[in-house]
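>>> got a sequence here, can you build the structure:
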Amino acid sequence: MDANELLRLYSEGRRNFRSQDLQGLSLTKASLSGIDFSGANLSDTDFTDSDLGNANLNWATLKRVKLTHTNLVGAKMPDGRIHNDRLESANFLGI
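Coordinates of the predicted model:
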């Protein structure tokens, strides 16, 4: 799946992208609030200036994900915790 297809499906109301291989996508400035990426491979994906508020990232692979200025308020992180912040200066996660 490429970034355009994901954005199209999201705009049509789809929120479940569980266990998808989405590595290397450019999703800068994307509004993806409430999306379910649990178990997805998001390695090398760029979410700069995006909204991932209330997203489900449980068990997601986040190696080298770019999250500069990404809204993660309410997002469920891979370790099961709820994130309460906006990452103002994060560059890449090396999880």
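
>>> can you tell me which residues contact the nearest residue to residue 24 once chain neighbours are set aside?
Closest residue in space to residue 24, ignoring its immediate chain neighbours: residue 44 at 4.6 Å, by Cβ to Cβ, 6 or more residues apart in numbering. Just so you know, the C-beta spots here come from the backbone N, C-alpha and C atoms, and that holds for glycine as well. Contact analysis of residue 44 by Cβ atoms under 8 Å, 6 or more residues apart in numbering lists 23-24, 63-65.

>>> mind listing the strands for this protein?
Ranges of strands within the chain are 63-66, 70-71, 86-87, 92-94, based on DSSP state E.

>>> tell me what the second one is packed against?
With contacts defined as 3 or more Cβ pairs under 8 Å, 6 or more residues apart in numbering; DSSP states H and E, strand 70-71 has these neighbours: strand 86-87.

>>> any idea of the mean pLDDT in the strand it packs on?
Throughout strand 86-87, pLDDT has a mean value of 49.

>>> go on, stretch 22-32?
97.

>>> residue 28 reaches residue 46, doesn't it?
Yes - the criterion here is Cβ atoms under 8 Å, and residue 28 meets it with residue 46 at 5.6 Å.

>>> neighbour count: the two, which is higher?
residue 46 (21 against 16; other Cβ atoms under 10 Å).

>>> next one: the closest residue to the more buried one other than its chain neighbours from residue 44, what distance?
Counting by Cβ to Cβ, 6+ apart, residue 46 lies nearest to residue 66, which is 4.4 Å off, once chain neighbours are set aside. Distance from residue 66 to residue 44, counting by Cβ to Cβ, to the nearest Å: 8 Å.

>>> and if you look at residue 56?
For residue 56, the distance to residue 44 equals 20 Å [Cβ to Cβ].

>>> likewise residue 9?
Distance from residue 9 to residue 44, by Cβ to Cβ: 21 Å.

>>> next one: residue 21
11 Å.

>>> pLDDT score for residue 78?
pLDDT for residue 78: 78.

>>> just checking, it touches residue 59?
Yes - with contact defined as Cβ under 8 Å, residue 78 reaches residue 59; the gap is 6.1 Å.

>>> picking up where we left off before, scan the contacts of residue 44 and report the most crowded one.
residue 65 (22 neighbours).
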